[in-house]
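**Q** Build me a model:
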Amino acid sequence: MWRLALVGVALAAVVAGVLIAVLGEGKSAGEAELGQQRAHLALVAGELYELEAPLRREVSAARAVWGQIYTGLPGSVSDRLLREISEANAAAAAIPQPQFVQMIPELTGPGARVARLFHSFLLLSTRGWSHIQEAAEALRSGSPSRKQFARRTVGLYIDSVYNALFDLTTIGEKTLVSYERFGGGQVFGSALTPSQAQSIAKTFSPEADELKPHEWQRLQVR
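**A** From the prediction side, this is the model:
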């Protein structure tokens, strides 16, 4: 709770600083709202920038196993496949939840939209990989009823992982477009530099995060 309170204080301080600067120049209420949206985008993007390393590990682990599971889990799950699924599950679970997730109801503008996309990615990815691992373990050594349940449901979780990474691919462009529309480096200064914005655009992009093949609509257990 105290960490959440500190996040609220930090967010309020950032927004207040922007609003004071804007209103101090005699700007309108509409321009003050724009300043608030800029502050929220800087807050969200700044935390995303710090998550680039764990995200690369998660995407790498997902891509390593994706070609073996995108049409479903095989009836017989090998030791290697189970290990790679476990590694992808662990990598997804290891991504820290950014502080802005707790502040989504208070965020506005593009920062809010980006925050919601990342939150969706976190939920879909962690739950998806967790259930895929459970299904793989059930197919290896579970009871007949567990195996039957795994065969019926695992496609939904593989679909969840695909959708999670798709959400991730859209974040970079949305962030960069909003950053430039809001004035870029001349307005944001050290709160969000052009190099950081470009790095986010590269990290959260189809080239960096998309899972291939795309045939998630054919999911089933073979």
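**Q** where's residue 34 relative to residue 109, distance?
**A** Using C-beta to C-beta, to the nearest Å, one gets 8 Å for the distance from residue 34 to residue 109. Placement of C-beta: from N, CA and C, glycine included.
**Q** go on, residue 125?
**A** In this structure, residue 125 lies at 25 Å from residue 109, with C-beta to C-beta as the measure.
**Q** Quickly find the element holding residue 152.
**A** helix 144-181 (DSSP states H and E).
**Q** ditto for residue 71
**A** Assigning secondary structure by DSSP H and E places residue 71 outside every helix and strand.
**Q** okay but residue 210 is in contact with residue 169, surely?
**A** Yes: here residue 210 reaches residue 169: they are 5.4 Å apart, a contact under C-beta atoms under 8 Å.
**Q** between these two, who's got more neighbours?
**A** When residue 210 is set against residue 169 and neighbours are counted by other C-beta atoms under 10 Å, the residue ahead is residue 169, at 19 against 15.
**Q** Contacts only, for the more buried one.
**A** Remark: with contacts taken as C-beta atoms under 8 Å, 6 or more residues apart in numbering, residue 169 is in contact with 204-206, 208-210.
**Q** hmm, which of those residues are the buried ones?
**A** Neighbour counting over those (16 or more other C-beta atoms under 10 Å) leaves 204-205, 208-209 as the buried ones.
**Q** can you tell me which of those residues are in helices?
**A** Secondary-structure check on those using DSSP state H: residues within helices are 208-209.
**Q** Taking the centroid of this structure, which residue is nearest it?
**A** The central residue of the chain, meaning the one whose C-alpha is nearest the mean C-alpha position (C-alpha atoms, centre = their mean), is residue 118 at 3.3 Å.
**Q** Mind telling me what element that one is part of?
**A** Residue 118 belongs to helix 109-141 when elements are defined using DSSP H and E.
**Q** now the angle from that helix to helix 144-181?
**A** Helix 109-141 and helix 144-181 are oriented at 160 degrees to each other (axes from the mean of the first three to the mean of the last three C-alpha atoms, to 10 degrees).
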